[in-house]
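# structure, please.
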Amino acid sequence: MISGRGGSMMRGGRIRPPRRPPTQSNGVNEFEQCWEKLREALRDIHMRNAGNLSFEQLYRFSYKIVLKKAGHQLYERVKEFEEQWFAEEVMPPIWALISKKLISVALDEVPGTSVIERRTLGEQFLRGVRNSWENHNISMNMIADILMYLDRGFSQDHGQPLIYIVTIGLYRDHILRSSLKAIGSDYLVFDIFNATIIDQINMERGGDVIDKALLRSCINMLEILYETDEELEHERLYLTSFEPVYLQNSRDYYRAECDRLLREGDASAWLRYTQGRLAEEADRCQTTVSVLSLPKIMQVLEQELITKHLEEFLGVEGSGIKAMIDNDRIEDLSILYQLIARVDPKRAALRQALALRVVELGREIEQTLKSTDFSIVQPADTEEAADGADKSKPKALNAAAQQTAAAIRWVDDVLILKDKFDRLWSTCFAEDLILQTALTKSFSDFVNSFERSSEYVSLFIDDNLKRGIKGKTEAEVDAVLDKAITLLRYIGEKDKFEQYYQKHLARRLLHAKSESQEVEQEMISRMKRELGNNFTQKFEGMFRDMHTSRETTDQYRDYVRGLGEISKSQIDLNISVLAGNNWPKEIMGRTSGLADGPKAKAIYPREIQGLQDSFFQFYTKNRNGRVLTWIGNLGNADIKCVFPKIPGKTTGPLSKERRYEVNVSTYGMIVLMLFNNTAEGEWLSFEEIQEKTNIPQPDLINVLTSLSVIKTYRILLKESQTKSAAKPGDRFTFNREFFSKAIKIKVPSVNATNRVENDEERRETDKKAEETRMYITDAAIVRIMKQRKELGHAQLITEVIQVLASRFKPDVPLIKRRIEALITREYIDRAELADGSPAYQYVA
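Numbering: from 1, shown residues only. A predicted model of the protein is given here:
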C-alpha cells in the first residue's frame, strides 16, 4: 500500500536500494515492462484506487529504470502521462463549468444578473477548479514518493526540477493557462479564475455572504504555484498574476466609493466607512485572501479613501473639521486622527486645520467682545450686593468698569477655548506632541494678534487675586493659577505684561485688596519658575517693601511711645516705605521717563505735617542720606466727622448730632480737613481748593467727584448739583445735612481700581515699553560683546534676538539703532572679519 507524501516514507528520507540483483534481460523490454507497471499505478492513484498498490514494488520499478540510465525517458513519460490525463480527465469537467454566462458576468461585467445567480455560477466554477487541484496535488504527492529515486538518480544529477515540481507546474500550464478559443473566447482559464474570485470578494464588500473557505483554498493554490519550475519566491502566481488584478480592482472599487461619499457630502459617514473598510480588508487578508497582500491593500485604501480627498472631506460644510470641533464630535475626531496618522506621520492636514480653527475662533472671541454691551451686568456677574440693596435690579457700569468686564470676558473665553482644545487633544488626538506644538503656536498667534492681551491677562489675574478665589478650595485656586501661567506662556510681549502686572500688584498691596498673601506669593513663585528670576525681581522687591514697612510702622509706634507724646488726639500712622526701583513710575509720582522727577508736593494740614516731621526724624535717625517723598494719591485715612443738629428739625436723624467714621483717600482727607476752617454756609471754589492743597488737578477732580457727586457719600455739596464729574469753576461746601445708616463709611475713589487703559494711557504705556526695550537691548548687546570680544554683524543680531526672545520679539531695526548708539557712546567699535564682512569689537 502506498502512503501519502509526508508520512514515514516521505521524499527526502533515506531509502535503501533492493538487495535482489537485477536479472539479465533486454534493456528496452525491461523499461517498457517497468513503465507499464508504473503507468497503471499512476492511473490507479489518479482514480483513487491505490489501496492495493505496493510502494516497495513500484519504487523498485523506478529504481531499475534509473539504474538502466533511462531516467530521462521515465521523466518525460510521466510528464506526457500527466498532460494526457489533464486533457482527457481534468479539463472536460472544468470546461463544462465555464459557460458564456460565467464569462459575461466575471469578465465582461454584463449587468442584469442577480447576485444569487452570480454567486452560484462563481462558486460552482471555483469549486470545480479547487477539487481538481486538490485531487491533482494529492496524486502528485503519492507519485513523487514512488519516483523518489528518480529525483535522486536523475533530476538532481542533471539539473532538472524534481518530479513533484514539474507535475504540479503542469497544472498551471495545462489547466490555468489553457485558452478558451474553443468556445469562442480570447480569455484564459486563469482570467476567469481571477475575475470570479474578485467578483466574489466584491459581493462580500457589498454585504453578501460568500464561501470564504472556498476562496481561501483557491488562493492557497496560487500561493503554492510559481511562474516557472524554478520556484523563485517572488514569482508565486499569487504575487505575479492574482495580486495585481486584485489590487487594481480594489483601487477602482474604492475610488468609486469615495466619489459617492464626496457627492453625499457627509464627512462623518466617510470616517466611519473608511474605518470599517480598513478593518474589513485586514480581516479579509487573514481569512480569505493572503496576508502577503495586507500592507499593499492597506496602502490602496489609504490612498483612495484618505489621502486623495482628505482636504475635500475636511472642508465639507456642516460635517467637516470645523463642525467636528465646534460641536465636540469626539468620536469623529478620534477616527479622523487615527486615519490621518496612518497616512501622514507629520499630521500636516490635521495640524493646519486645527491651527486655522483656533485662530478663527480666537478672532470670533475678539469680534464678540466688540459687539457685546457691557454697560449693564446682571447681579450674578457682580459682587454681592450691599445689605438692603435690590439684588434683582441690574447694575449699571461706568466706562472703566465696562472695559474691565470686557477684559475678564476675553480671558475667560480664551481659557474656555483652551480647555476645549486641551480636551480634544487628550481625548481624540492621543496627546500627540506634534499637534500640541501646532495648537500652542496657533493660540500664541491669535493671543498676540490682540493688542490688549498683555493688559487683559494681568487684569484677569488681578480680578482673581482680589475676589475671584474667595471661597475656593486649594485645588480650585491651583487651577486658576495654572490657567494664568498658561496664558502668560502665550504672550510674546512679556515686558508689557510685566509693566501691567507691576501696576496692578502695587494697587492690590497698597490698598490691601489681595484675598490671600499666600496665593500672591505662589503666583510670583510660578512666574519665577516659568520665566526666571529677572522677571519677578521687582515683584519680590514690592513684597519685601511691604513687609519692611510693617516692621517700620511698629518700630515708629514704639518710638512715639518712648517719647511720651501719646494722647487721645494722637493720629495713628501706618507707613508704606517704597523703594523707587521696585514700584511703577505712576505709583512713585513720576509720569514718564526714567529720570522724571516727582509731582508737585501736596500741602498737608498742620497736624499731618507734624506727624510727617516726627516720622522723618525717626526714619533718618539710623538711615543717613535717605530722602523720603510723600505720595498722597495712594494712601487713605480714617476721619471722624461730626455733623451738627439742623435747626428746625425736631424729628428724624437730622434733629440730633451725627458722628461717622469716614474712610477716604489721603487727598480726600486733605480736602475735608480744609473745610474745618470754613464758616457755616461758606463755599470754596475748585481753584481755591487746588491753591490751598496743591493737589494735582486730575487727582483733585477724582476726590471732589467722590465726595460730592455720588449720592450715598455726598459729604460735600457741589453748586449746580448734577451727576457730572467735578471740574474747574465748580464751588463746594460742607453738607451739614449728610445722613447715613452706617456708622463707618468708605468713600470709593474714582478711578482708584485697576481698569483697562484708555487709548491715551495705552499709547503712554507703549512709549514707556519702547524706552525700556532700548535699555534692555543695550544691556544685551554689551553683555554679548563683553563675552565674545569680537563678533560679526549678522551673528550679533542673531544672538541678541535669542537673548531677548523670552521677554519680547525685538525688531532688527531697533537692534541696529542701538548698535549705532553704543558705537557713538564708545562701548563697541566697528571692525571687519577675515572675509571682509562687517563686525564689531568690544571696547574695554
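# helix or strand: which one has residue 645?
If you go by DSSP states H and E, residue 645 is not part of any helix or strand.
# that one reaches residue 655, doesn't it?
Yes: Residue 645 is within contact range of residue 655, at 6.4 Å (criterion: Cβ atoms under 8 Å). The C-beta positions use only the backbone N, C-alpha and C, and glycine is treated the same way.
# now do the phi/psi pair for residue 516.
As for residue 516, its main-chain torsions (degrees, to the nearest 10) stand at phi -150, psi 120.
# name the helices or strands packed onto the helix or strand where residue 299 lies?
Secondary structure from DSSP H and E places residue 299 in helix 294-301. If contacts are counted by 3 or more Cβ pairs under 8 Å, 6 or more residues apart in numbering; DSSP states H and E, helix 294-301 sits against helix 243-264, helix 267-287.
# next, the buried residues of the shortest one.
Using 16 or more other Cβ atoms under 10 Å as the test for burial, helix 267-287 gives 267-268, 270-271, 273-275, 277-278, 281, 284-285.
# for this structure, what spans make up the strands?
376-377, 395-396, 636-643, 658-665, 684-685, 716-718, 731-734, 744-746, 790-792, 828-832, 838-842 (DSSP state E).
# would you format those strands as TSV with mean pLDDT included?
Output for the strands of the chain, formatted as TSV (pLDDT from 0 to 100):
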stretch	mean pLDDT
strand 376-377	61
strand 395-396	58
strand 636-643	88
strand 658-665	90
strand 684-685	90
strand 716-718	88
strand 731-734	90
strand 744-746	89
strand 790-792	86
strand 828-832	84
strand 838-842	85
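# ok, which of these comes nearest residue 219?
Evaluated with Cβ to Cβ, those place strand 790-792 nearest to residue 219, the distance being 68.1 Å.
# can you list contacts of the closest one?
784-785, 799, 831, 833, 837-842 (Cβ atoms under 8 Å, 6 or more residues apart in numbering).
# list the buried ones in that strand?
Buried residues in strand 790-792 (16+ other Cβ under 10 Å): 791-792.
# check the offset of that strand from the chain's centre.
Put simply, strand 790-792 sits 40 Å off its chain's centre (Cα atoms, centre = their mean, to the nearest Å).
# sheet partners, orientation included, of that strand?
Here strand 790-792 has these sheet partners by DSSP bridges: strand 838-842 (antiparallel).
# any idea how far the strand it pairs with is from the chain center?
When C-alpha coordinates are averaged (Cα atoms, centre = their mean), strand 838-842 and its chain have centres 43 Å apart.
# buried set for that strand?
Buried residues in strand 838-842 (16+ other Cβ under 10 Å): 839-840, 842.
# what does stretch 440-452 give?
440, 442-444, 446-447, 450, 452.
# what's the answer for stretch 461-479, then?
Residues of stretch 461-479 classed as buried by neighbour count (16+ other Cβ under 10 Å): 461-466, 468-469, 477.
# any idea which of the residues you listed is closest to residue 160?
residue 477 (87.6 Å).
# with distance to residue 572 and mean pLDDT added, can I get the helices and strands packed on helix 294-301 in JSON lines?
Shown next, in JSON lines, are those (distance: least, Cβ to Cβ, whole Å; pLDDT from 0 to 100):
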{"stretch": "helix 243-264", "distance to residue 572": "80", "mean pLDDT": "94"}
{"stretch": "helix 267-287", "distance to residue 572": "72", "mean pLDDT": "95"}
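# any chance of those in CSV, plus distance to residue 668?
Listed next are the helices and strands packed on helix 294-301 as CSV, based on distance: least, Cβ to Cβ, whole Å:
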stretch, distance to residue 668
helix 243-264, 72
helix 267-287, 64
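# out of those helices, which gets nearest to residue 816?
In terms of Cβ to Cβ, the element of these nearest to residue 816 is helix 267-287, at 50.4 Å.
# and the angle for that closest one with helix 294-301?
160 degrees (axes from the mean of the first three to the mean of the last three Cα atoms, to 10 degrees).
# list the contacts of helix 267-287.
Counting by Cβ under 8 Å, 6+ apart, residues outside helix 267-287 touching it are 201, 204-205, 212, 216, 250, 254, 257-258, 261-262, 291, 293-294, 297-298, 301, 305-306, 313-314, 316, 319-321, 323-324, 329, 332, 335-336, 338-339, 342.
# tell me the centre residue of this protein?
For the chain, residue 436 is the residue whose C-alpha lies nearest the centre (Cα atoms, centre = their mean; 3.2 Å).
# how much space separates the closest residue to that residue other than its chain neighbours from residue 364?
Spatial nearest neighbour of residue 436, chain neighbours left out: residue 425 (6.2 Å); criterion: Cβ to Cβ, 6 or more residues apart in numbering. Going from residue 425 to residue 364 by Cβ to Cβ, to the nearest Å gives 20 Å.
# sorry, back to before: what about the residue nearest to residue 436, how many residues close to it?
Residues near residue 425, counting by other Cβ atoms under 10 Å, number 20.
# please begin residue numbering at 23 from this point
Taking 23 as the first residue, the last one we looked at is residue 447.
# residues contacting it?
453-454, 457-458, 461.
# rerun at 7 Å
Under the criterion of Cβ atoms under 7 Å, 6 or more residues apart in numbering, the neighbours of residue 447 are 453, 457-458, 461.
# narrow those to those in helices?
Among these, DSSP state H puts 457-458, 461 in helices.
# pLDDT and distance to residue 75 added to those, as JSON lines?
Formatted as JSON lines, those follow (pLDDT from 0 to 100; distance: Cβ to Cβ, whole Å):
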{"residue": "457", "pLDDT": "95", "distance to residue 75": "71"}
{"residue": "458", "pLDDT": "94", "distance to residue 75": "74"}
{"residue": "461", "pLDDT": "94", "distance to residue 75": "77"}
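# kindly indicate which of those lies nearest residue 770.
Closest approach to residue 770 among the ones in helices among the contacts of residue 447 (Cβ to Cβ): residue 461, at 42.5 Å.
# nearest residue to the closest one other than its sequence neighbours?
Of all residues not flanking residue 461 in the chain, residue 443 sits nearest, at 5.5 Å (Cβ to Cβ, 6+ apart).
# what number of residues lie near the one you found?
Residue 443 has 21 neighbours, counted by other Cβ under 10 Å.
# what subset of the contacts of helix 289-309 is buried?
Buried among the contacts of helix 289-309 by 16+ other Cβ under 10 Å: 223, 226-227, 272, 276, 279-280, 283, 315, 319, 323, 327-328, 335-336, 338, 341-343, 346, 351, 354, 357-358, 360-361, 364.
# those helices in the stretch 673-822 of the chain, which residues are they?
Per DSSP state H, counting those that start in this stretch, the stretch 673-822 of the chain carries helices over the ranges 688-696, 708-715, 719-730, 781-810, 815-826.
# the inter-axis angle of the third one versus helix 688-696?
Helix 719-730 and helix 688-696 meet at an angle of 60 degrees, taking the same axes, to 10 degrees as the criterion.
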